[in-house]
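In: Give me a 3D structure for the following:
(one chain, ligands or ions: 1)
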Amino acid sequence: MSAKVTFDYSAAKSFIADTEIEMIEKAIEGAKETLLSKTGAGNDFLGWIDLPVNYDKEEFARIKDAAKKIQSDSEVLLVIGIGGSYLGARAAVEFLRHSFYNSVSKEIRKTPEIYYVGNNISSTYISNLIEVIGDRNFSINIISKSGTTTEPAIAFRVFKKLLIEKYGKGEAAKRIYATTDKAKGALKNLATEEGYESFVVPDDIGGRFSVLTAVGLLPIAVSGADITKLMEGAAAMRERCLNQPFATNDSLHYAAIRNILLRKGKSIEILANYEPSLHYVSEWWKQLFGESEGKDKKGIFPAAVDLTTDLHSMGQFIQDGQRTMFETVINLETPSCEIYIEEEEVDLDGLNYLAGKSMDFINKSAMKGTLLAHTDGNVPNLIVNLPEQNEESLGELFYFFEFACGISGYLLGVNPFDQPGVESYKKNMFALLGKPGFEKQREELLKRL
Ligand SMILES: O=P(O)(O)OC[C@H]1O[C@](O)(CO)[C@@H](O)[C@@H]1O
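Out: Below you'll find the model as predicted:
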């Protein structure tokens, strides 16, 4: 593998003194030591660190076989999951495959259409999806580590019924793939009872760090992307994250710089991309950093923009609004496709000055121009270079961010591997729904509504 994911903060040098980097290095080394010696908070959720080189090969082969079966007997795959139980898969499928994956002809796509459900509670969304499936053959990958999350559980009820009505109970069970805890939870019990093929979310890997487990790998494999190469990319980045000294360790530098900027009042990080295929990578990243760092009244708020699209909606604020943000640009170095601007005989639209230039040259010029403008507007810009739109690069990128997130969380002094704050809305929702055991809370909440 030649090209690598790299981190470049040269455009932000005017915001950061060399001494600040020297001063934070010790703390970063300390956080790394805590992470790797597994002595910090949340140390029972560190299975992701060695995952790219230490995964269950038997299960990996089963994932590939299941993907082949789904490809051969289904026109549609439903991925039912929420948060870390679908964002990584969606990020990978949208980045690695066709921009219009579900709409492009089957001859081009070659693999089943993939729809994500169970990530909201909208009856319109679910009803419309039922219409999209129509009378076509479909399979379900239900993904829930806890096996009890309300959103995917509800969607699963609806689509399981549809499957049983279509195929009968026996055949339906062969079209349901459950990715969940190895031993406990409602979904595990159901899978055992009904005989669904099951895949494991390891005990020591939390949802937002699970993209390289069966959680992400089965849907990604169904889409036709190469999961072996994805793991190889992650393994290559793991090697560098673990073994490179601070001076040449890009992931550690990213963690260091964002924390230096936070200490200067830059409490919002905007992840920016110039390729629509990266939209869900940003959604995945938002959960990774948001759930890991946003606690104990601390954290950097992770936001994201798709550019140049959002320069025409959010650009004004980034350039000129409250000065509390910095920007991390994912720079896809080499696009998969290229288009050249042609010369027109009569230059009515005034674009002949671009004749012979590639679309990517124009895109990169927009990126460089924006980077300088935002820097001038007091928004420090960091760059993560992503070599290509392929599995190796994406595997590297996933691991780069995961490692930086663990380090950054320890630097902040939080447990980056729990998410206690997510429970509050659930308790209120259960009380309002009348779930047994929540009677007292229900009374109190109803008084407030
Ligand atoms: O896989 P599960 O247990 O359904 O959880 C889904 C998501 O819900 C959370 O537990 C809370 O939002 C996330 O951490 C997780 O990714």
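
In: Can you report phi and psi for Gly265?
Out: phi 90, psi 10 (degrees, to the nearest 10).

In: my guess is it meets Gln322, correct?
Out: No - Gly265 lies out of contact with Gln322 (CB atoms under 8 Å); the separation is 10.2 Å. Any C-beta I mention is one placed from the backbone N, CA and C, and that applies to glycine too.

In: which residues of the stretch 251-400 of the chain fall in helices?
Out: Taking DSSP state H, counting those that start in this stretch to define them, one finds helices in the stretch 251-400 of the chain at 279-293, 315-320, 359-376, 391-412.

In: The third one - contacts with which helices or strands?
Out: Okay, so that is helix 359-376. Secondary-structure packing of helix 359-376 (3 or more CB pairs under 8 Å, 6 or more residues apart in numbering; DSSP states H and E): helix 315-320, strand 325-334, strand 381-388.

In: mind checking which of the ones you listed is nearest the ligand?
Out: strand 325-334 (21.9 Å; CB to the nearest ligand atom).

In: number of nearby residues for the residue lying closest to Thr309 once chain neighbours are set aside?
Out: Spatial nearest neighbour of Thr309, excluding adjacent residues (CB to CB, 6 or more residues apart in numbering): Pro276 at 7.6 Å. If you count neighbours by other CB atoms under 10 Å, Pro276 ends up with 13.

In: what's the answer for Lys68, then?
Out: Neighbour number of Lys68 under other CB under 10 Å is 12.

In: Tell me if it really is in a strand.
Out: No - counting by DSSP: H, G, I helix; E, B strand; the rest coil, Lys68 is not part of a strand but helix.

In: separation between Ala225 and the ligand?
Out: In this view, Ala225 and the ligand are 21 Å apart by CB to the nearest ligand atom, to the nearest Å.

In: Relative to Thr19, how far out is that residue?
Out: According to CB to CB, to the nearest Å, Ala225 stands 44 Å off from Thr19.

In: More neighbours: these two, which one.
Out: Remark: of Ala225 and Thr19, Ala225 carries more neighbours, 22 against 8, as counted by other CB under 10 Å.

In: residue contacts, that one?
Out: 92-93, 96-97, 391 (CB atoms under 8 Å, 6 or more residues apart in numbering).

In: which SS state does it fall under?
Out: Taking three-state DSSP, the label given to Ala225 is coil.

In: pLDDT score for it?
Out: Here, the pLDDT recorded for Ala225 equals 98.

In: ok, now Ala3?
Out: Ala3 is given a pLDDT of 79.

In: Verify the assumption that it is located in a strand.
Out: No - under the criterion used here (three-state DSSP), Ala3 is coil, not part of a strand.

In: Was I right to think it contacts Leu386?
Out: No - assessed by CB under 8 Å, Ala3 is found out of contact with Leu386, at 9.1 Å.

In: Which residue, other than its chain neighbours, is closest to the residue of the stretch 201-350 of the chain found nearest the ligand?
Out: Relative to the ligand, the nearest point of the stretch 201-350 of the chain is Gly207 (2.6 Å; CB to the nearest ligand atom). Excluding the flanking residues, the one nearest Gly207 by CB to CB, 6+ apart is Gly84, at 2.7 Å.

In: which residue is nearest the middle of this protein?
Out: Closest residue to the average C-alpha location of the chain: Trp284 at 2.1 Å, with CA atoms, centre = their mean.

In: near the ligand, which residues of the stretch 201-350 of the chain show up?
Out: Proximity of the stretch 201-350 of the chain to the ligand, by CB under 6 Å from any ligand atom, involves residues 207-208, 291.

In: Can you tell me which of these is nearest Ile133?
Out: Gly207 (26.2 Å; CB to CB).

In: Next, the contact list for that closest one, please.
Out: 83-85, 145, 201, 215.

In: list the buried ones in the stretch of helix or strand Ser198 belongs to?
Out: Assigning secondary structure by DSSP states H and E places Ser198 in strand 197-200. Residues of strand 197-200 classed as buried under the neighbour-count rule (16 or more other CB atoms under 10 Å) are 197-200.

In: Any stretches of the stretch 251-400 of the chain with poor pLDDT?
Out: For the stretch 251-400 of the chain, no stretch is flagged by pLDDT under 70.

In: quick one: Ile143 from Ile362, how far?
Out: 39 Å.

In: Neighbour count for those two, which is higher?
Out: Ile143 (33 against 15).

In: Most neighbours of all the contacts of Ala225, which one?
Out: For the contacts of Ala225, neighbours tallied by other CB under 10 Å; top is Ala92, 28 neighbours.

In: what residues does the stretch 51-200 of the chain put near the ligand?
Out: So the stretch 51-200 of the chain meets the ligand at 82-85, 144-146, 149, 152 (CB under 6 Å from any ligand atom).

In: Apply 5 Å and report the result again.
Out: Taking CB under 5 Å from any ligand atom as the measure of proximity, the stretch 51-200 of the chain contacts the ligand at 82-85, 144-146, 149.

In: So Ile142: helix, strand or coil?
Out: Under three-state DSSP, Ile142 comes out as strand.

In: Can you report how many residues lie near it?
Out: There are 26 residues near Ile142, going by other CB under 10 Å.

In: is it true that it touches Ala178?
Out: Yes - taking CB under 8 Å as the definition, Ile142 is a contact partner of Ala178 at 5.3 Å.

In: Need the overlap of contacts for these two.
Out: The contact lists of Ile142 and Ala178 share Leu187, where a contact means CB under 8 Å, 6+ apart.

In: so what pLDDT did the closest residue to the ligand within the stretch 301-449 of the chain get?
Out: For the stretch 301-449 of the chain and the ligand, the shortest gap (CB to the nearest ligand atom) falls at Val422, measuring 3.9 Å. At Val422, the model reports a pLDDT of 93.

In: Excluding sequence neighbours, find me the nearest residue to it.
Out: Glu291 (7.3 Å).
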